[in-house]
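Peer 1: Any chance you can model this:
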Amino acid sequence: MDRDQLQRYFDKAVAAAQPERAVVHHLPQRPKGRTIVVGAGKASAQMARAFEQSWDAPIDDSLVVTRYGYGTECERIEIVEAAHPVPDMAGFLAARRMLEKLSGLRHDDLVVALISGGGSALLPQPAPGLSFEDEQAVNQILLASGAPISVMNLIRNQISAVKGGRLAAMASPARVATLIVSDIPGDDPALVASGPTVPMALTRIEARKAVELYRLDLPPAAAELLASDLNPPPAPDDARFAHNSVSIIASAALSLEAAATAARADGLIPHILSDAIEGEARDVALVHAAMAREVAARNRPFQRPALILSGGETTVTIRGDGRGGRNSEFLLAFALAIDGVGGITALAADTDGIDGMGDNAGAFADGTTAARLRALGLDPRAMLGNNDAYTAFAAIGDLFSPGPTGTNVNDFRAIIVR
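Peer 2: Okay, the predicted model is just below:
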């Protein structure tokens, strides 16, 4: 029963972030000239479909890039699928074509940019002096580093020809209206998909400090670029952005509120910890587990029956060669921390439907999870050490696999304590 409820709360959270519900309320003013739609991200194809269904005016030569398997049928906007989280040639060629479409625009033209999480990998275009292979390598290094998404995107936009506001700068003097489905803790629009149309306030100095802090061994060409003043991103006060607009149309905050509303109708008392939690997945899990145990044992800081909700984006430092994503890693650490404790059931899942590079969004866990793994001859603590949470949950049939959801507002964590 609790698992069914948790899945329903996930569904409510995802429904609240669906582009077709949000795009129609954020349509820009019609231009006197042409309208061109561009975009990148896991939700951008659905955003494109919602936009063209709501836009009762011509749409010209338009292109949106999404992850393989996340595309949808559009009549007036071309949808291209490419690789995520490591870029491939399909994304590289799509980004090049997008830049071509934005050249030569006029002051009375409009560019509608549909941006969502995942766009960093789906819109690769290395800075001058870097190869496509360099950009791929940087992505792989960042993904294994354990750095938060804000740090990863800061570095990405320094070595890119499209990120950090450069795509919007290319469209100048046309007006750019950016619609964003945010997967970033805190909803900073400059960080979603590394901000192709929104310049970032942080500078190369901060990027260099981040490389040093996380001990990133970048490819030589990328390291040389960061050490130089070449390829500077445009500043937020650049005149080319003066008449542009940016709208966050869906976010984790709205999704968590939708889940909380559903929980109240079920007689649970919901508590949203935060929609912007970051940190190592297994460490975040220990905090959540400690809180759930406290509620179960002492009825504090929340009264039972309670639903503990949180969002944001955890990270995983790769230590082993197992299979898993940040949500399944969170849950395996959580399961170990509540081993043998009754009355606690949890779901952690990525709202885009895919956790890392697997075919699952996340998994379920409770106080029996670790014991059931040991009964199969598996060592849950060793599997956590090997980053092999997917294998663990697959072995006991507790993976959660809803498939691509059409949106992406980052992690969804829900814990019922009775």
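Peer 1: what's the first-to-last distance across stretch 352-366?
Peer 2: End-to-end distance of stretch 352-366 (C-alpha to C-alpha, to the nearest Å): 23 Å.
Peer 1: quick check, distance from it to the centre of its chain.
Peer 2: Once both centres are worked out by C-alpha atoms, centre = their mean, to the nearest Å, stretch 352-366 turns out to sit 13 Å from its chain's centre.
Peer 1: So which bits of that stretch are buried?
Peer 2: For stretch 352-366, the buried set under the neighbour-count rule, 16 or more other C-beta atoms under 10 Å, comprises 352-356, 358, 360-366. For every residue, glycine as well, the C-beta is placed using N, CA and C.
Peer 1: Of all these, the one with the weakest confidence?
Peer 2: In this model, the minimum pLDDT among the buried residues of stretch 352-366 belongs to Gly356 (77).
Peer 1: Could you check which helix or strand contains that one?
Peer 2: Secondary-structure element containing Gly356, defined by DSSP states H and E: none, the residue being outside all helices and strands.
Peer 1: Average pLDDT for stretch 286-305, rounded please.
Peer 2: For stretch 286-305, the mean confidence score works out to 97.
Peer 1: Just list what the helix or strand harbouring Val138 packs against, helices and strands only.
Peer 2: Assessed by DSSP H and E, Val138 sits inside helix 132-143. Helices and strands in packing contact with helix 132-143 are listed as helix 149-158, helix 220-227; criterion 3 or more C-beta pairs under 8 Å, 6 or more residues apart in numbering; DSSP states H and E.
Peer 1: picking that back up, from the buried residues of stretch 352-366, which single one is nearest Ala306?
Peer 2: If you rank these by distance to Ala306 using C-beta to C-beta, Asp366 comes first, at 15.1 Å.
Peer 1: picking that back up, any residues touching the helix holding Val138, and which ones?
Peer 2: Contacts made with helix 132-143 from outside it, assessed by C-beta atoms under 8 Å, 6 or more residues apart in numbering, are listed as 85-87, 89, 92, 120-121, 124-126, 152, 155-156, 159-160, 216-219, 221-222, 318.
Peer 1: Could you list the buried residues of it?
Peer 2: If you call a residue buried by 16+ other C-beta under 10 Å, then helix 132-143 has these buried ones: 132, 134-139, 141-143.
Peer 1: hey, where'd the strands end up in the stretch 151-300 of the chain?
Peer 2: With DSSP state E, counting those that start in this stretch as the criterion, the stretch 151-300 of the chain has strands at 175-181, 245-250, 269-272, 277-280.
Peer 1: Let's have these in TSV, adding distance to Ile59 and mean pLDDT.
Peer 2: Supplementary listing: the strands of the stretch 151-300 of the chain in TSV, determined by distance: least, C-beta to C-beta, whole Å; pLDDT from 0 to 100:
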stretch	distance to Ile59	mean pLDDT
strand 175-181	13	98
strand 245-250	18	97
strand 269-272	38	98
strand 277-280	37	94
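Peer 1: And those: which comes nearest Ala22?
Peer 2: Nearest to Ala22 among the strands of the stretch 151-300 of the chain is strand 245-250 (3.9 Å), distances taken as C-beta to C-beta.
Peer 1: Describe which strands the closest one pairs with in its sheet and in which direction.
Peer 2: strand 175-181 (parallel) (DSSP bridges).
Peer 1: ok, then the element right after the top strand by length along the chain?
Peer 2: Taking DSSP state E as the criterion, the chain has its longest strand at strand 306-315. Toward the C-terminal end, the helix or strand that comes next after strand 306-315 (DSSP H and E) is helix 326-337.
Peer 1: Now do that next one and strand 306-315, the angle between them.
Peer 2: Regarding helix 326-337 and strand 306-315, their directions subtend 130 degrees when assessed with axes from the mean of the first three to the mean of the last three C-alpha atoms, to 10 degrees.
Peer 1: Let me see the mean pLDDT of the next helix-or-strand element following helix 326-337.
Peer 2: Read in the C-terminal direction, the helix or strand following helix 326-337 is strand 344-350, with elements assigned using DSSP H and E. Averaging the model's pLDDT scores along strand 344-350 yields 98.
Peer 1: picking up where we left off before, ok, the buried residues of helix 132-143 vs Glu257, which is closest?
Peer 2: Ranked by distance to Glu257 (C-beta to C-beta), those are led by Leu143 at 30.2 Å.
Peer 1: still on that earlier bit, out of the buried residues of stretch 352-366, which are inside strands?
Peer 2: Secondary-structure check on these using DSSP E: residues within strands are 362-366.
Peer 1: now these in CSV, with distance to Ala281?
Peer 2: Rendered in CSV, the data for these read as follows (distance: C-beta to C-beta, whole Å):
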residue, distance to Ala281
Gly362, 11
Ala363, 12
Phe364, 16
Ala365, 13
Asp366, 18
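Peer 1: looking at the protein, which helix or strand is least sure?
Peer 2: None of the helices or strands of the chain scores lower by mean pLDDT, DSSP states H and E than helix 19-22, at a mean of 90.
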